[in-house]
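Chemist: What shape does this take:
(2 chains)
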Amino acid sequence: MNGRKIRNGNSSFLEKYGMIGILILIVMFFSFTSKNFFSVRNFSNILISQAVMGCLALGGMFILIVNEFDLSLGYILCFSMVLGALLAEKGVPSLLIPVIMVVAGSACGLLNGLITTRLGISSFIGTLSVGLMLSGISQALSGGGILNTNIPAGMITFARGKIFQVGYCVWFLVLLCVIVWYILNFTRFGRHLYAVGSSKRTALFAGIKVQKVQILAFMASGFFCGIAAVLLLGQLGAASSAYGTSLLLPAYSVVFLSKAAFIPGKINVPGMILGMLLCALGENGIEISGVSTWGSYAFQGIILILSIWISAVLTERAARAR
Amino acid sequence: MSVAVEKVSVSFSGTKVLKDVSLEIPDGKIWGILGANGSGKSTLIKVLTGIYHPDAGQETRIKIGDSICSDITDSGKAYEMGVRAVHQESPLIEDFTVAECVSAFHGYPKGRAGIDWNAVEEYAHEILSIYDIDVDINCMVRDLSAAQRNMIAIAIAIGREEDLKNVKLLILDESDASIPESEAEFFLDRVKKVAARGIPIIMITHRLKSVMKYCDAVTVLNDGKNIFSRNISEVSEEMIITHMLRQDEDGAERKSDEGGNLQGLWKLLKIKEHYEPGKCIMDVKNLACKNLKDCTFNLCSGEVLGIVGTADSGISEIPWLLAGARSRTGGEITVDGKKFPVRMTSGKALKRGVALLPSDRPKYGGIMECSLRENILMPAERRYWRHGKLAKQAVQMMQAVFDIQPADSYERKFGVMSGGNQQKAIMAKWMSLKPKVFVLDDPTYGVDPNSRKMLFERIKEAAEEGMGIIVFSTEPELLADICTRVIMIREGRVSGELRKKDGVLERETIARWSYL
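Modeler: The predicted structure follows:
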């Protein structure tokens, strides 16, 4: 596929596939330290538990590619969940609930986009404010408690059930990954995302409608938050204003990690999947080995630092080669 | 078909920047437009690209190909009329490959399943081959050399065979400035090929050699007027240079001591530094860094040394190296007997008595967000800490000596002051430290004529007191006025020196050094 070369230029084998090696090493290491690690059941469960974060990461990709920052991801997730649970409690038809949740997420994304482009507020502050606002709304809607009545059975089965040993939600995530990969590599919009992320001024000069691209990026991220919310609500079977907000940084760290694989220096889907597997298997391995929860937090932190550093080195190296 | 401009004038806030300029360019000719900074050439170009608008006039006309109008309303209309412009730093998308960058500007070819990458590849090959550009289309844009970038920018600006007929005018706005001389020929050969297809080309460049070799005709602008337009066979370099020089300006003429002088300022601040006029205060040997290969010169107390050179000669490194902002890769810098360490910082340079007035004022000259007072006292804050009265007196005196306006308040943001006043304040800031060597990089950029006079006055005064001064400028008039000696940098080395003869420094010679 020479299309890949035209999009991504030339880079060495190690730069592209080195991370696979690291993944294999981690798998081998933990397979030795614990009997339960290397099993279909364990891997399948890991993947299900990562599905929500994977959705958030897909949404986060759009934002990070255009070089903005969206701090409201976790809050949109939470808001959408609470909204869905509330509607379920009120007896809204089951098929409508996921749709409303996703639309709500996209609407929040649209709000973020408008604030950043029309009001000219930096996305960092703008999205943080929107996030905090949503957090307040979530608390109000949930009355401070946990909503768990009447969650549609379909959602729960979808989020927890398996087919061919692999969770429904995991298959769904794979489908979403393929769609996002296609958008990023084969549509004008996707390529425009990279152009805007490279330099807004140059993109404008090239005739790209920069503001429109930015707004759509924020909406996409909100859209995926909505989907993640549907999954999480199904998995937990309950919603509260406290759930979901801690997923922001792990999602971002996984997106940064993607810069270290397959397309060095560029955020990409296969790299993100690899990064996700790396983090998930690593964390799981640590937990199974018996290190208490601080181990997995520390692991998350280390991975985040490593991934940002590696991606900076790789992008810098390409720039310095000039 | 051709391009013509008739009786175009442009004014900004009452000042006429272009005065009734008329010009005609036949098809297929490369037409050079030359003029010093402020002569109006960039204004003329901006009129042609729809960014500036000519004053209303009975006979004002702009004709491009078949379309005639009296004002190109915006860049969209300029594009429709067939104007294509390539600027000095033509933006390309750094993170894309060459192939994708071309498609990003022109539109991605679509296949049945989204973007057709094979078509992208073919298109890129096609465009590059029209102009004979030998670049790997899978190469990342950020890895390209300046010459390659500019060629690709031109290729993108003009487009394919079928787009060529829509191009009625190609403007190259100093697009060869960032290309080293050795590669410039390569670039300009391609430009000639474009002209061969019948497109009129306007080329703005400072490289007289290129003009003499590649242009078919030239127009010289001076002070907003079209001084002459002739075929290249009828002109000589001397003619061009002489006509480009600004008409006579008196050097600084101001009643001295009206607002106080530098001596008074230094006395107030109780500065211990003592000058010994004539002593060799700075010695630069074999200095090397990036384009600078082997630069050697010295400076004596009380001298005003001018340094000129073309953009790629390595001259742009020197102010930063002297001020410690960059570390040299070779050679020695010695100030008053003390050598500069290899790893330099600007703090170290300041301690050794070297101050710099940088060229990019908003970025490096002053902090736009802070007040005038904060800016002007910044380098010596410790002196004023807890000495509020001294601080106030210092600012007042500096304001008087340098005639910094507005005089009523020192708390206003630096950023709202005019360029000239900002520059005066920055000069005050550094001169108040009584440095041994004061380096000025392009001090008159964006500075109004009155402020220029004040700056010159102060430079002369400081030199008389014994400060060693180095001035970098692309304005030969300025250098001829205030310098006692001028050296030229070429290809990384000092390759010429001019001393004041009978009280006069030849502007023509300096101009030739700047432009050739």
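
Chemist: could you pull out the strands for the stretch 101-250 of chain A?
Modeler: Counting by DSSP state E, counting those that start in this stretch, the stretch 101-250 of chain A has strands at residues A:162-163, A:166-167.

Chemist: Close to chain A: what parts of chain B are there?
Modeler: B:91-97, B:99-100, B:104-105, B:108, B:113-115, B:117-118, B:120-121, B:124, B:137-140, B:142-144 (CB under 8 Å from any CB of the partner chain). To be clear about C-beta, it is placed using only N, CA and C from the backbone, and glycine gets the same treatment.

Chemist: Can you tell me which of the strands of the stretch 101-250 of chain A is nearest to residue A:68?
Modeler: strand A:166-167 (31.5 Å; CB to CB).

Chemist: Show me what the closest one is packed up against.
Modeler: helix A:40-65 (3 or more CB pairs under 8 Å, 6 or more residues apart in numbering or on different chains; DSSP states H and E).

Chemist: Show the subsequent helix or strand relative to the helix it packs on.
Modeler: Moving toward the C-terminus from helix A:40-65, the next helix or strand (DSSP states H and E) is helix A:73-89.

Chemist: quick check, distance from that next one to the centre of its chain.
Modeler: 17 Å (CA atoms, centre = their mean, to the nearest Å).

Chemist: do you know how far residue B:430 is from chain A?
Modeler: 33 Å (CB to the nearest CB, to the nearest Å).

Chemist: Give me the neighbour count for that residue.
Modeler: By other CB atoms under 10 Å in any protein chain shown, 19 other residues sit near residue B:430.

Chemist: Contact partners for it?
Modeler: B:355-357, B:379, B:438 (CB atoms under 8 Å, 6 or more residues apart in numbering or on different chains).

Chemist: Could you check the pLDDT of the closest residue to residue B:114 other than its chain neighbours?
Modeler: Nearest residue to residue B:114, sequence neighbours excluded (CB to CB, 6 or more residues apart in numbering or on different chains): residue A:186, at 3.1 Å. In this model, residue A:186 is scored at 92, pLDDT.

Chemist: pretty sure residue A:186 contacts residue B:110?
Modeler: No - between residue A:186 and residue B:110 there is no contact under CB atoms under 8 Å: 9.5 Å.

Chemist: Comparing the two, which residue is more hemmed in?
Modeler: The residue with more neighbours, out of residue A:186 and residue B:110, is residue A:186; 20 against 13, by other CB under 10 Å.

Chemist: can you give me phi and psi for the residue of the stretch 251-400 of chain B found nearest chain A?
Modeler: Closest approach between the stretch 251-400 of chain B and chain A, counting by CB to the nearest CB: residue B:290, at 13.0 Å. In terms of degrees, to the nearest 10, the main-chain angles of residue B:290 are phi 50, psi -120.

Chemist: cool, residue B:33 as well?
Modeler: phi -120, psi 120.

Chemist: For the residue nearest to residue B:114, which residues are in contact?
Modeler: By CB under 8 Å, 6+ apart, the contact set of residue A:186 is B:113-115.

Chemist: Looking at neighbours, which among the residues you listed is most surrounded?
Modeler: Busiest of these [other CB under 10 Å] is residue B:115, holding 22 neighbours.

Chemist: What's opposite that residue in the beta bridge?
Modeler: residue B:110 (DSSP bridges).

Chemist: just to revisit the earlier point, closest one to residue A:98 among the strands of the stretch 101-250 of chain A?
Modeler: That would be, of those and by CB to CB, strand A:166-167, which comes in at 16.6 Å.

Chemist: number of nearby residues for residue A:74?
Modeler: By other CB under 10 Å, 23 other residues sit near residue A:74.

Chemist: Distance of it relative to residue A:138?
Modeler: Per CB to CB, to the nearest Å, residue A:74 is found 11 Å from residue A:138.

Chemist: again, but for residue A:14
Modeler: Residue A:14 is 45 Å from residue A:138, by CB to CB.

Chemist: Endpoints of stretch A:144-159, how far apart?
Modeler: Stretch A:144-159 stretches 25 Å from its first residue to its last (CA to CA, to the nearest Å).

Chemist: OK, contacts around residue B:184?
Modeler: B:147, B:176, B:207, B:210.

Chemist: Just give the closest residue to the first one, not the sequence neighbours.
Modeler: Take residue B:147 and drop its neighbours on the chain: the residue closest to it by CB to CB, 6+ apart is residue B:183, 4.1 Å away.

Chemist: now the one you found, what's its secondary structure?
Modeler: helix (DSSP: H, G, I helix; E, B strand; the rest coil).

Chemist: okay, now it: neighbour count?
Modeler: Neighbour number of residue B:183 under other CB under 10 Å is 17.

Chemist: doesn't residue B:145 make contact with it?
Modeler: Yes - Residue B:183 is within contact range of residue B:145, at 7.1 Å (criterion: CB under 8 Å).
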